[in-house]
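> A predicted structure for the sequence below; I have some questions about it.
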Amino acid sequence: MEEVPNNNILIAPSILSADFTRLGEHIREAEAAGCDLIHIDVMDGRFVPNITMGPVVVEAVRRVTALPLDVHLMIVEPERHLSAFAAAGADRISVHIEASPNLHRALQTIRELGCGVGVAINPHTPASALSEIMPLLDVILVMTVNPGFGGQTFLPETLPKIRQLRAMAAASGRAMDIEVDGGINVETAAAVVEAGANVLIAGSAVFTSRYSVQEGVYALRQSPGN
């Protein structure tokens with residue numbers, strides 16, 4: 001497995017866990033704390049049980065930060081909405097391999113729209129399912145919980161898949177981010193980094209009433225392995 005340098009670990013706070021009455025403030029705090037991306041979870045109530053946000057929220061977030069917007073579409077037929085999210089300010093868009101009937105076309109469209117191209121993969125989906133599309137990808141988003149809700153417990157059985165995907169990325173010869181999403185905190189960060197992830201998506205570990213955003217980000221930065 002190709003080693004991922006620890007100084008290349010990126011922090012992407014998920015606004016799904018933010019206080020939406022203070023969303024702009026929370027995003028500015030995350031930027032000031034040294035976060036690298038802002039992660040936006042889009043859910044449609046069909047592919048996953050929950051309903052969250054759409055292009056209007058992405059556009060609002062774009063107005064309050066210069067950080068790249070990492071948009072994760074947990075929706076069916078994502079190709080119908082790619083243009084809207086790109087126009088709203090998304091810098092990179094990930095679609096689920098399980099939700100897109102014409103995945104290759106969707107990935108090509110994301111590229112044509114000028115966004116980074118990502119695929120998200122659920123815990124039950126094997127890494128091998130991505131083998132035919134690796135040359136098209138900038139981002140692989142590994143779900144380390146079952147998608148649909150924030151605040152879930154990390155699934156350690158996803159670690160071998162992260163290792164396998166890092167090896168596949170190295171073999172493809174492409175520079176590729178491997179993101180992990182779900183249950184990421186100071187206890188689980190070291191394990192996913194060791195497995196090959198280099199982008200930590202964290203919601204409740206950053207946005208919580210127990211401590212400030214800056215303290216949450218600092219704790220993640222200082223966790224073992226980072």
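Nice, thanks for sending it over.

> count the residues that sit near residue 208.
Residues within reach of residue 208, counting by other C-beta atoms under 10 Å, total 16. To be clear about C-beta, it is placed using only N, CA and C from the backbone, and glycine gets the same treatment.

> any idea which element it lies in?
Secondary-structure assignment from DSSP states H and E places residue 208 in no helical or strand segment.

> quick one: contacts for it?
By C-beta atoms under 8 Å, 6 or more residues apart in numbering, residue 208 lies in contact with 17, 216.

> quick one: residue 46 and residue 75 touch, right?
Yes: contact between residue 46 and residue 75 holds when scored by C-beta atoms under 8 Å: they sit 7.1 Å apart.

> so these two - more neighbours on which side?
Neighbours around residue 46 and residue 75, counted as other C-beta under 10 Å, are more numerous at residue 75. The numbers are 22 against 12.

> I'd like to know how far the more buried one sits from residue 145.
18 Å (C-beta to C-beta, to the nearest Å).

> before we move on, what about residue 220?
The span separating residue 220 from residue 145 equals 17 Å under the rule C-beta to C-beta.

> what do you get for residue 126?
Summarising the geometry, the distance separating residue 126 from residue 145, computed by C-beta to C-beta, is 17 Å.

> the more surrounded of these two?
When residue 126 is set against residue 145 and neighbours are counted by other C-beta under 10 Å, the residue ahead is residue 145, at 20 against 10.

> which ones are touching that one?
Taking C-beta under 8 Å, 6+ apart, we find residue 145 in contact with 123, 152, 153, 154, 155, 181, 182, 183.

> 10 Å instead?
When contacts are counted by C-beta atoms under 10 Å, 6 or more residues apart in numbering, residue 145 touches 122-123, 151-155, 158, 180-184.

> can you tell me the SS state at it?
coil (DSSP: H, G, I helix; E, B strand; the rest coil).

> and the pLDDT for it?
pLDDT, the model's per-residue confidence, is 95 for residue 145.

> ok, now residue 7?
Per-residue pLDDT puts residue 7 at 51.

> pull the helix or strand with minimum mean pLDDT from the protein.
For the chain, counting by mean pLDDT, DSSP states H and E, helix 213-222 ranks last in confidence among helices and strands (a mean of 92).

> next, the spatially closest residue to residue 35 that is not a sequence neighbour: phi, psi?
Counting by C-beta to C-beta, 6 or more residues apart in numbering, the nearest residue to residue 35 once its immediate chain neighbours are dropped is residue 11, at 4.9 Å. Note on residue 11: its backbone torsions stand at phi -110, psi 130 [degrees, to the nearest 10].

> residue 11 against residue 220, yeah?
Yes: look at residue 11 against residue 220 with C-beta atoms under 10 Å: they come within range, at 5.8 Å.

> mutual contacts of these two, please.
Contact with both residue 11 and residue 220 is made by residues 33, 35, 184, 189, 200, 202, 205, 206, 226, according to C-beta under 10 Å, 6+ apart.

> show me where the protein has helices.
Remark: helices of the chain, listed N- to C-terminal, are 23-32, 55-64, 82-88, 103-112, 159-172, 189-195, 213-222; assignment by DSSP state H.

> any low-confidence regions in the chain?
Within the chain, the segments meeting pLDDT under 70 span 1-7, 224-226.

> please repeat the previous calculation with a cut-off of 90.
Residues of the chain that meet the criterion pLDDT under 90 lie in 1-8, 100-101, 147-152, 208-211, 221-226.
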